[in-house]
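Asker: Structure for this input, please:
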Amino acid sequence: MQGEQTSLTRAQKEAVGLLSIGTFLEYFDLMLYVHMAVLLNELFFPKTDPHTASLLTAFAFCSTYLLRPFGALIFGWIGDNIGRKATVIITTFMMAFSCFVMANLPTYVQIGITASYLVTICRILQGMSSMGEFIGAQLYLTEITKPPIQYPVVALTSVFSILGGTAALAVASLTTLYEFSWRSAFWFGVIVALIGTVARTTLKETPDFADAKRRVKSTIEHSQTKSLTNNPIWNESKDSDKKTFLSLFILDCGWPVCFYFAYVFCGNILKQKFGFTAEQVIQQNFIVSIVQLVCMIVLSWISYKIYPPKIVKIKLLFFIAIALFSPFLIAIINSSYTIFFIQCCFIVFACDYVPAMPITYKHISIFRRFTYSSISYALSRSLMYLITSFGLIYLFEYLGYFGLLIIIVPVIMGYTLSIIHFDKLEKEAGNYR
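Answerer: Numbers count the residues shown, from 1 in each chain. Here you go, the predicted model:
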C-alpha cells in the first residue's frame, strides 16, 4: 500500500493526546449516571413496583439516546460545513453544562416529578454532546493519519471512551462503598470538561477537510457560481455514499445490544436471580469494564500489525458461539460466575467493528462524512437501545432468557452482511490485505 505511515508527527501526537483525553472526559461524564443508575434513579424518580421500576430504568437509560438523531443533524452540519474542530469544542462545553446542572439538581423528594423531568433533559443533552464528540474525534484522527498507524490511533478513542466508563464505575463503586457524595463526582466532571474545552481550542482543522474546502472554493470561483448543487467535488460518490451509509448503520446496530445486555440486563439478572445488591452489581460491572479496557488496548495494538477487518471477523466467530449459547448457559448453570463470563464475552467480542472504523469513514465522501457517520451512530443507538431495553423486558416475560435470541440473531446477520460490504469496497480500492 502506497503512502503508508508508521509513526506520528509531533502535531499529530498532540492532537491524539487532546482528543483521547477529551473522549475520556466525555465518557466519564456520560457513563457516570448510567453506572450509578441503580442509586440515582431512586433519587430522581418515584418509588414503584419491580416491573415499573424496570420500565423506569429502561426509560432513564434510553433518554440519553432519544434525541441523538436530532443532534446528529446539527453537529453533522457543523462538522461538514464549518469544521471538525468546532464540533468537538461545542460538544465538550455542552457536556460540562449538563454536568453542572446535575451536580446541583434537587431530588424527587425535594421537588417531585420536576426532578425526573430535569434529569431526563440533562441526560438527553449529555447523549447529544457525547455523540458529536466521539464521532468528531474519530473522524479528525482518521483524516490526519494514514494506515497502518491510523488503525491503532483511531482505536485509541474507543480505548479512552472505555477508560472513561471504567473511571465512572470506579467512582460509582467508591461512592456506594464509602458513602461519598454523588454530587462531588459530577462536579469533577464539570471541571474536567471545561479544561477539555479550553485545551481543544489549540487544535487545527484536518488537512483533508481544509483541502476539500479549498477545492470547492476554487471550483466556485472558476465557474462563477455560488451554488454547490452541481459542484463535482460536493456531489462525488453520492449514490455509493447512500449504500455505505446503510451498511454503516447496520454495522452500528450491534454495539448497543451488546452493551445493554452486558451491563444493564445482566445486572438485573444478578439482582433478581442471585440476590446481588446495587453495590455488588456496580462492583462486578467495574471488573467487567477493566476486562473490556485491557482487551481493547490489545486490539488497538495488534491492529498495527494485523489488517483490522481480519480481526473483526475473528471477533465475530467468537461472538456468534457465545451469543447463541448464552441463554442455555444462564438457564442451566446457577452461578454468578457464568453471568460474569457472559458479560465479558459480550463486551470483548462485541459487534462494534473496532479497530476497523477508519475504513468505514474513508468510504464516505468528505463533505458528507461527518453527517452520515453521526446520523448512523445516533440512529443506531436510539433505535437499538429502545428495542433492547424495552424489548428484553417483555421477551424475558414470555420466552425467558431465550428471548435474547430474537434480538441477537438479526443483529448478527446484519453485521455479517455489512462486513462483507466494506470488504468489497476495500478490495475495489485495492486496500484489502
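Asker: who touches Lys271 in this structure?
Answerer: Contacts for Lys271 (Cβ atoms under 8 Å, 6 or more residues apart in numbering) come out as Thr277, Ala278, Val281. The way it works is simple: take the backbone N, C-alpha and C, and place the C-beta from them, glycine included.
Asker: taking those residues one by one, which sit in strands?
Answerer: Judged by DSSP state E, strands contain none of these.
Asker: On the C-terminal side of the helix or strand bottoming out on mean pLDDT in the chain, identify the next helix or strand.
Answerer: Comparing every helix and strand of the chain by mean pLDDT, DSSP states H and E singles out helix 207-223 as the least confident one, with a mean of 51. Tracing the chain C-terminally past helix 207-223 and defining elements by DSSP states H and E, one meets helix 238-252 next.
Asker: and that following helix, what other elements does it pack with?
Answerer: In terms of contacts (3 or more Cβ pairs under 8 Å, 6 or more residues apart in numbering; DSSP states H and E), helix 238-252 is packed against helix 357-362, helix 366-399, helix 404-428.
Asker: Average pLDDT for the shortest one, rounded please.
Answerer: Per-residue pLDDT values across helix 357-362 average out to 92.
Asker: Give me the packing partners of that helix, helices and strands only.
Answerer: helix 113-144, helix 150-178, helix 238-252, helix 366-399, helix 404-428.
Asker: and the first one, average pLDDT?
Answerer: The reference is to helix 113-144. Computed over helix 113-144, the mean pLDDT rounds to 80.
Asker: next one: the shortest one
Answerer: Mean pLDDT, helix 238-252: 84.
Asker: Same check on the fourth one?
Answerer: The predicted model gives helix 366-399 an average pLDDT of 85.
Asker: go on, the last one?
Answerer: Confidence for helix 404-428, expressed as mean pLDDT, is 94.
Asker: swap in stretch 280-288?
Answerer: Along stretch 280-288, the predicted confidence averages to a pLDDT of 88.
Asker: List the buried residues in that stretch.
Answerer: Of all the residues in stretch 280-288, those buried under the rule 16 or more other Cβ atoms under 10 Å are Gln280, Val281, Ile282, Gln283, Gln284, Asn285, Phe286, Val288.
Asker: Dump those into JSON lines; add distance to Ile302 as well.
Answerer: Conversion of the buried residues of stretch 280-288 to JSON lines gives the following (distance: Cβ to Cβ, whole Å):
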{"residue": "Gln280", "distance to Ile302": "34"}
{"residue": "Val281", "distance to Ile302": "32"}
{"residue": "Ile282", "distance to Ile302": "31"}
{"residue": "Gln283", "distance to Ile302": "30"}
{"residue": "Gln284", "distance to Ile302": "28"}
{"residue": "Asn285", "distance to Ile302": "26"}
{"residue": "Phe286", "distance to Ile302": "25"}
{"residue": "Val288", "distance to Ile302": "21"}
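Asker: Would you mind pulling the contact partners of stretch 108-117?
Answerer: Residues outside stretch 108-117 that contact it (Cβ under 8 Å, 6+ apart) are Leu43, Phe44, Phe45, Pro46, Leu105, Pro106, Thr107.
Asker: Please name the nearest non-neighbouring residue to the second one.
Answerer: Once flanking residues are discounted, Phe44 sits nearest to Val119: 4.5 Å by Cβ to Cβ, 6 or more residues apart in numbering.
Asker: Contacts only, for the one you found.
Answerer: With contacts defined as Cβ under 8 Å, 6+ apart, the neighbours of Val119 are Tyr33, Leu40, Phe44, Ala60, Met102, Leu105.
Asker: Surely Gly79 is in contact with Leu139?
Answerer: Yes: under the criterion of Cβ atoms under 8 Å, Gly79 is in contact with Leu139, at a separation of 7.2 Å.
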